[in-house]
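[1] return atomic coordinates for the entry below.
(2 chains)
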2 protein chains.
Amino acid sequence: MSMRIIGKDEISRVLTFPRLIEALEAAHRRARIEIRDTMLGTPEECYYVRHAVDAGRYFASKLITSFPANLASGTLPAVQAVVVLFDARDGRPLSVMDGTEITYWRTAADSGLGAKYLARDDAETLLVVGAGAMAPWLVRAHRSVRPSLRRVLCWNRSEQRAHRLAGLLSAEGAAATAVQDLELALRSADIVTACTRANEPLIRGEWLNAGTHLDLVGGYDMHTREADDACLRRSRVYVDRRETALDVADIAVPLKSGLLLKSDILGDLYDLAAGSTAPRRSAQEITIFKNAGGAHLDLLTSELIFSMLEQ
Amino acid sequence: MSMRIIGKDEISRVLTFPRLIEALEAAHRRARIEIRDTMLGTPEECYYVRHAVDAGRYFASKLITSFPANLASGTLPAVQAVVVLFDARDGRPLSVMDGTEITYWRTAADSGLGAKYLARDDAETLLVVGAGAMAPWLVRAHRSVRPSLRRVLCWNRSEQRAHRLAGLLSAEGAAATAVQDLELALRSADIVTACTRANEPLIRGEWLNAGTHLDLVGGYDMHTREADDACLRRSRVYVDRRETALDVADIAVPLKSGLLLKSDILGDLYDLAAGSTAPRRSAQEITIFKNAGGAHLDLLTSELIFSMLEQ
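    Okay, here's the model as predicted:
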């Protein structure tokens, strides 16, 4: 058993958003990758396992532990993960990788690919809602697909973290500033990327600019929702992958209430990459992209990392 | 992410059957470990994942690939596996181990623990049916719980492999001989351990000695069965774990036909370890132990390996 352990530093050394987004786009033109999720344990001591099978190419699993009590001690993060990659030509185990790092990259790249099809080409203002761990990654991915972006606005419920994020992004060369008024910020944004754990929608449709692209990343179950009904009513709605998006509140709740019909979901990344659904059609329409994730993204990201390191 | 990769050689260096069987026995006196299996892919390119959660102690997954076509090329085994172990006090990933090696150890130790409760104390003759990769491991485990064993008979459909197995076991100090006549061998055995991929039962109840302990390891799905109805009719029936044993033909087929009632399954290793079911009661009765496995065994084995290496 000769498996390569690949940590965070090696991943950062080889991976770039242009390469990763290009790889995801190419993969979405191939057959759908089979995915399966299982949850064991309890919410306090949770073991969440996600698997993907890309026949004839790769198998991968992301094994995730969630121990919210870790936050109190502060020595370990609440969520930890590893990704295991296999060669699906002969079943050989290839590598074990830092799953937390892969989650950042693949989640942001998924949103980047969505914005590539759906955001205006001339988008200048990016608003980040939520200044958690994902926020800088989302900014990097959006800037990589929309070099036209000139400024980044950072909003967070606690202002201090918004300032810290703006500082971090400025150090990376983005013209980032913290903002306090979410409504005002939304009214001036061309792209909005939201990654919060909001239980009640905090993005209100009445505040959205014509032409906005709204990227919803934070809601991950039936209890976390970021955009209100008015957002959906005003928008053309897309998702990253139909199978996973139907299980999260931003899509599932309006589907259940009848506000949204399944036919209102205009397509997912497979449809967009194949050209079987139209991307943005005008500078005026508002688009929503619900990023719900899936183990296919972990597989594709770990595959790219592995092959870049083996070159 | 600092994970320890543990290969086959390190496992062999620290693990022994007395230690492993003792650890399995102790674990079966604690709460049942939560287990979950999932299968993806196709029979030709299969990804089989098994998970276990031992709350407050460890989480583990065994990720198994099965590529039967590998046998033709001969460079890789058909089945390859890795085990990933996590600390379930804080979710930390601890180790990635050679899953194939763990499968050998834990499967044989499971049978060893069954024989500890169910085989006669004075058993002298062990018959191994099937000379595949598991065979020497099963012999080692049975010899470890029954030092009274004086001889090992090796039977295999193709005689040449039985001879090879007998040679290997003799080199380890067991008085092993290959036998050609399965009926004759069964009539003289005190313990029978079967690990074949037989589709039709090859062990006939009429051939069993009074007092025999029959350890069934090979049948792993609804199509592979080793013991015929007469074996079950003459025996007191035990399994390693109820949840997994109900899904394999040696138990499921007679349950379905009505030959066996659920109440005829006298107990599993949890019951035997807790003393809530009786082990062997006399030197005359025939006992059957169906070894169906489960991810709890992978967890316990990898936990023991890890803690022995960390000492």
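
[2] now what about stretch A:250-258, what contacts it?
    A:216, A:219, A:222, A:225-227, A:229, A:232, A:237, A:239, A:245-246, A:260-262, A:265, A:290, A:292 (Cβ atoms under 8 Å, 6 or more residues apart in numbering or on different chains). The way it works is simple: take the backbone N, C-alpha and C, and place the C-beta from them, glycine included.

[3] what strand or helix carries A:Ile64?
    Using DSSP states H and E, A:Ile64 sits in strand A:58-66.

[4] go on, A:Thr287?
    Per DSSP H and E: strand A:286-290 holds A:Thr287.

[5] what about that strand, distance to the chain center?
    13 Å (Cα atoms, centre = their mean, to the nearest Å).

[6] list the buried residues for stretch A:122-138?
    Buried residues in stretch A:122-138, counted by 16 or more other Cβ atoms under 10 Å in any protein chain shown: A:123, A:125-132, A:134-138.

[7] ignore what I typed, I meant stretch A:161-168.
    With burial defined by 16+ other Cβ under 10 Å, the residues of stretch A:161-168 counted as buried are A:Arg161, A:Ala162, A:His163, A:Arg164, A:Leu165, A:Ala166, A:Leu168.

[8] select the longest helix from chain A.
    Of all the segments assigned as helix in chain A under DSSP state H, the longest by residue count is helix A:99-118.

[9] okay, now the sheet partners of the very next helix or strand once past that one, with direction.
    Remark: after helix A:99-118, the chain's next helix or strand is strand A:125-129, criterion DSSP H and E. Paired strands of strand A:125-129, with direction, are strand A:151-155 (parallel), strand A:191-194 (parallel) (DSSP bridges).

[10] show me what counts as buried in the last one.
    Across strand A:191-194, burial judged by 16+ other Cβ under 10 Å covers A:Ile191, A:Val192, A:Thr193, A:Ala194.

[11] ditto for the first one
    Taking 16+ other Cβ under 10 Å as the basis for neighbour counts, the residues of strand A:151-155 that come out buried are A:Val152, A:Leu153, A:Cys154, A:Trp155.

[12] and of these, the nearest to chain B?
    Distance to chain B across the buried residues of strand A:151-155 (Cβ to the nearest Cβ) is lowest for A:Cys154, with 28.7 Å.

[13] across the sheet, point out what pairs with that closest one.
    A:Val128, A:Ala178.

[14] which secondary element of chain A has the worst mean pLDDT?
    helix A:70-73 (a mean of 89; mean pLDDT, DSSP states H and E).

[15] quick one: that one to chain centroid distance?
    For helix A:70-73, the distance to the chain centre is 25 Å (Cα atoms, centre = their mean).

[16] please identify the buried residues of it?
    A:Asn70.

[17] ok, then the element right after that helix?
    Following helix A:70-73 toward the C-terminus (DSSP H and E): strand A:79-87.

[18] could you pull out the helices for chain A?
    Under DSSP H, chain A gives helices at A:8-14, A:17-27, A:70-73, A:99-118, A:135-145, A:159-171, A:182-188, A:229-234, A:242-245, A:249-257, A:269-274, A:295-310.

[19] narrow the contacts of stretch A:250-258 to just the buried residues.
    The buried subset of the contacts of stretch A:250-258 (16+ other Cβ under 10 Å) comprises A:216, A:219, A:225-227, A:232, A:237, A:239, A:245, A:260, A:265, A:290, A:292.

[20] tell me how far A:Thr103 lies from A:Met97.
    A:Thr103 sits 11 Å away from A:Met97 when distances are taken as Cβ to Cβ, to the nearest Å.

[21] so which of these two has more stuff around it?
    Applying other Cβ atoms under 10 Å in any protein chain shown to A:Thr103 and A:Met97 shows that A:Met97 carries more neighbours, namely 29 against 22.

[22] rewinding a little: and the angle for the longest helix of chain A with strand A:125-129?
    Here helix A:99-118 points in a direction 140 degrees away from that of strand A:125-129 (axes from the mean of the first three to the mean of the last three Cα atoms, to 10 degrees).

[23] and helix A:99-118, what's buried?
    Those would be A:99-118, for helix A:99-118 by 16+ other Cβ under 10 Å.

[24] of those, list those near chain B.
    A:Thr100 (Cβ under 8 Å from any Cβ of the partner chain).

[25] residue contacts, the residue nearest in space to the middle of chain A?
    Nearest to the mean C-alpha position of chain A, counting by Cα atoms, centre = their mean, stands A:Thr107 at 3.2 Å. Going by Cβ under 8 Å, 6+ apart, A:Thr107 touches A:Met134, A:Trp137, A:Leu138, A:Val217, A:Asn291, A:Gly293, A:Leu297.

[26] spell out which residues of the stretch 1-150 of chain A are next to chain B.
    So the stretch 1-150 of chain A meets chain B at A:1, A:3, A:5, A:7-8, A:34, A:36, A:38, A:40-42, A:45, A:47, A:49, A:51, A:53, A:55-56, A:59, A:61, A:63, A:65-67, A:70, A:76, A:79-80, A:82, A:84, A:86, A:88, A:90-93, A:96, A:98, A:100 (Cβ under 8 Å from any Cβ).

[27] turn the buried ones among these into a named PyMOL selection, would you?
    Here is the PyMOL command that picks out the buried ones among the residues of the stretch 1-150 of chain A next to chain B, judged by 16+ other Cβ under 10 Å:
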select buried, chain A and resi 1+3+5+34+36+40+41+45+47+49+51+53+55+59+61+63+65+66+67+70+76+79+80+82+84+86+88+90+91+92+93+96+98+100
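
[28] about what we covered before: what mean pLDDT does the strand holding A:Ile64 have?
    Per-residue pLDDT over strand A:58-66 has a mean of 98.

[29] then stretch A:256-274?
    Mean predicted confidence for stretch A:256-274 is 97.

[30] same check on stretch A:126-141?
    On average, stretch A:126-141 scores 97.

[31] from one end of that stretch to the other, what's the distance?
    11 Å (Cα to Cα, to the nearest Å).

[32] then stretch A:222-242?
    15 Å.

[33] repeat that for stretch A:238-256.
    17 Å.

[34] list the buried residues for that stretch?
    Quick answer for stretch A:238-256 (16+ other Cβ under 10 Å): A:238-242, A:244-245, A:248-255.

[35] quick one: low-confidence parts of chain A?
    Where chain A drops to pLDDT under 70, the residues are A:1.

[36] keeping just the C-alphas, turn the least confident helix or strand of chain A into PDB.
    Extracted as PDB, the C-alpha positions of helix A:70-73 are listed here (Å, rounded to 0.1, in the frame of the first residue of the first chain):
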ATOM      1  CA  ASN A  70     -14.300  21.600  19.800                       C
ATOM      2  CA  LEU A  71     -15.000  25.300  19.400                       C
ATOM      3  CA  ALA A  72     -15.000  25.800  23.200                       C
ATOM      4  CA  SER A  73     -11.500  24.400  23.600                       C
END
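
[37] what's in contact with it?
    Residues contacting helix A:70-73 (Cβ under 8 Å, 6+ apart): A:Leu76, A:Pro77, A:Ala78, B:Asp90, B:Gly91.

[38] contacting residues for A:His296?
    Each residue near A:His296 by Cβ under 8 Å, 6+ apart is listed here: A:Ala27, A:Arg32, A:Ile33, A:Ile35, A:Ala52, A:Asp54, A:Arg241.

[39] hang on, the earlier thing: dump the contacts of helix A:70-73 to CSV, plus distance to A:Leu186.
    Formatted as CSV, these follow (distance: Cβ to Cβ, whole Å):
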residue, distance to A:Leu186
A:Leu76, 35
A:Pro77, 30
A:Ala78, 29
B:Asp90, 39
B:Gly91, 36
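
[40] thank you, goodbye.
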